[in-house]
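Colleague: fold the following, please.
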Amino acid sequence: MKGKNYTPEQIIRKLRAGEALIGSEMNLDQVAKQLSIGMSTWHRWKAEYQKMTTSEVRRLKELESENRRLKKIVANKELEIDILKEVSRGNF
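Modeller: As a prediction, the model looks like this:
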């Protein structure tokens, strides 16, 4: 079953709220239940977003999407080059 997709900003907010709850003597299991996430999700988010601010996370996601777009462009250009090589050899 696919869970809810949270935005990076929502993840940062949940981590901050969770840290506050842990500071108020709640254990991690109770915090995860209150935030409606699993323990593995908490640890994964913590590892990925722990030291980031919301603006840094937003910028990271923008850079990742730009990188995906550029990789797609390069792949398409490589395909075009291969097709042109085949046509120039007469193997079409």
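
Colleague: how about the nearest residue to residue 37, chain neighbours excluded?
Modeller: Nearest residue to residue 37, sequence neighbours excluded (C-beta to C-beta, 6 or more residues apart in numbering): residue 14, at 6.9 Å. For the C-beta atoms, the positions are set from N, CA and C on the backbone; glycine is no exception.

Colleague: quick one: what helix or strand has the one you found in it?
Modeller: helix 8-23 (DSSP states H and E).

Colleague: which residues are contacting the following helix or strand past that helix?
Modeller: Next along the chain after helix 8-23, taking DSSP H and E as the criterion, comes helix 28-34. When contacts are defined by C-beta atoms under 8 Å, 6 or more residues apart in numbering, helix 28-34 is touched by residues 18, 21, 22, 26, 38, 39, 41, 42.

Colleague: contacts for the helix or strand following helix 28-34, please.
Modeller: Once helix 28-34 ends, the next helix or strand along the chain (criterion: DSSP H and E) is helix 39-49. Residues outside helix 39-49 that contact it (C-beta under 8 Å, 6+ apart) are 3, 8, 11-12, 14-15, 18, 28-29, 31-32, 35, 37, 57.

Colleague: redo that, cut-off 6 Å
Modeller: The contact list for helix 39-49 (C-beta atoms under 6 Å, 6 or more residues apart in numbering) reads 11, 12, 15, 32.

Colleague: okay, now the last one: neighbour count?
Modeller: Residue 32 sits with 20 neighbouring residues when counted by other C-beta atoms under 10 Å.

Colleague: which pair in the contacts of helix 39-49 has the greatest spatial separation?
Modeller: 12 and 32 (16.3 Å; C-beta to C-beta).

Colleague: next, the buried residues of stretch 23-33.
Modeller: Neighbour counts using 16 or more other C-beta atoms under 10 Å place 31, 32 of stretch 23-33 among the buried residues.
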